[in-house]
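**Student:** give me the fold of what follows.
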Amino acid sequence: GEEWLMRKTGAYMPGVYEVIVATVKPIVLTDRRAIHLRALRTFTDEYGVQRRAGEEWLLTIKECETHIQDVHEEVGCFFFVGYCQILQALSLKT
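**Tutor:** Here you go, the predicted structure:
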């Protein structure tokens with residue numbers, strides 16, 4: 001059957017032939033936390049980007065602070081972004 005995600009705020013009364021499959025909670029992104037997503041089929045995502053089936057991308061806080069997984073997306077894993085400090089830079093002379 002067909003699946004869709006209701007993004008409107010408020011109560012939703014399903015129709016006679018509709019079944020609520022799941023209630024989805026948002027994924028919180030931070031400057032150190034990102035998520036890896038994969039498109040299950042070709043669609044245009046919530047941010048207006050055309051995604052092709054099988055395409056994978058990384059969603060960071062630069063795009064949004066919270067993300068609600070779409071029915072056409074699969075969450076691969078979470079990435080924890082770290083920072084490094086360069087203590088001594090090497091000079092390569094040729």
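**Student:** which residues does stretch 24-31 contact?
**Tutor:** 5, 35, 59-61, 64-69, 75, 81 (C-beta atoms under 8 Å, 6 or more residues apart in numbering). All C-beta atoms are positioned from the backbone trio N, CA, C, and that covers glycine.
**Student:** try it again at 6 Å.
**Tutor:** 35, 61, 66-69 (C-beta atoms under 6 Å, 6 or more residues apart in numbering).
**Student:** in the residues you listed, find the pair that's most separated.
**Tutor:** Spatially, the most separated pair among the contacts of stretch 24-31 is Ile61 and Gln69, at 16.5 Å (C-beta to C-beta).
**Student:** how near is Arg41 to Cys77?
**Tutor:** 21 Å (C-beta to C-beta, to the nearest Å).
**Student:** the more surrounded of those two?
**Tutor:** Arg41 (11 against 8; other C-beta atoms under 10 Å).
**Student:** ok, that one touching Ala53?
**Tutor:** Yes. The criterion here is C-beta atoms under 6 Å, and Arg41 meets it with Ala53 at 4.9 Å.
**Student:** the helix or strand bottoming out on mean pLDDT in the chain pairs with which strands, parallel or anti?
**Tutor:** Lowest by mean pLDDT, DSSP states H and E among the helices and strands of the chain is strand 73-80, with a mean of 86. Within its sheet, and counting by DSSP bridges, strand 73-80 is paired with strand 33-39 (antiparallel).
**Student:** ok, and the closest non-adjacent residue to Ile35?
**Tutor:** The spatially closest residue to Ile35, leaving aside those adjacent along the chain, is Leu59, at 5.1 Å (C-beta to C-beta, 6 or more residues apart in numbering).
**Student:** backbone dihedrals for that neighbour, both of them.
**Tutor:** Torsion angles at Leu59 (phi, psi; degrees, to the nearest 10) stand at phi -110, psi 120.
**Student:** that one: neighbouring residues, count only.
**Tutor:** 19.
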